[in-house]
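Asks: Predicted model, plus sequence, below.
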Amino acid sequence: MTLDSNNNILVASDDAALVKAISGSLHANGFRVCTANQHANHPPRLIVLDTEASSETRARVLNPFGCDPDGTTPPIVALSPRAALKETAAQKGVWVCLAKPIELDSLLSAVERISDYTSA
């Protein structure tokens, strides 16, 4: 399933190659994609966040545009090289935590599941 035209998936990482790979894969599968440097003045539908991104990048994504007007944070898919982060991430509201290096098929599957769930 794809997101409607008013919603984007925001990809946030300081690794340009990772952003390009993720953005290309999501876009090729019909998703609208923006990056931390270019996202619009409205909250994204879903955030793909590299846990190794700088604090500046994370802040730009999560505050202030990372929240809907009602104060809720969009679903977050975290990308981390540390397997132990899964439990901590879940406690912080992360919907899915994927191990790096990521498998694009796993990421796409997670994004589609979340999109289907939040569209229902």
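Replies: Received the coordinates, thanks.

Asks: Tell me how many other residues surround residue 100.
Replies: 16 (other CB atoms under 10 Å). Bear in mind the C-beta positions are built from the backbone N, C-alpha and C, glycine included.

Asks: how close does it sit to residue 49?
Replies: 12 Å (CB to CB, to the nearest Å).

Asks: How is the residue at minimal distance from the centre of the chain assigned, secondary-structure-wise?
Replies: By CA atoms, centre = their mean, the chain has its centre lying nearest to residue 48, at 1.6 Å. Following DSSP: H, G, I helix; E, B strand; the rest coil, we place residue 48 in the strand state.

Asks: Could you list the low-confidence segments of the chain?
Replies: 1-7, 39-42, 63-72, 83-84, 86-87, 91, 120 (pLDDT under 70).

Asks: can you map out the strands along it?
Replies: In the chain, the segments counted as strands under DSSP state E are 9-12, 33-35, 46-50, 76-80, 96-99.

Asks: Dump those to JSON lines, plus distance to residue 57.
Replies: Below are the strands of the chain laid out as JSON lines (distance: least, CB to CB, whole Å):
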{"stretch": "strand 9-12", "distance to residue 57": "6"}
{"stretch": "strand 33-35", "distance to residue 57": "10"}
{"stretch": "strand 46-50", "distance to residue 57": "8"}
{"stretch": "strand 76-80", "distance to residue 57": "13"}
{"stretch": "strand 96-99", "distance to residue 57": "18"}
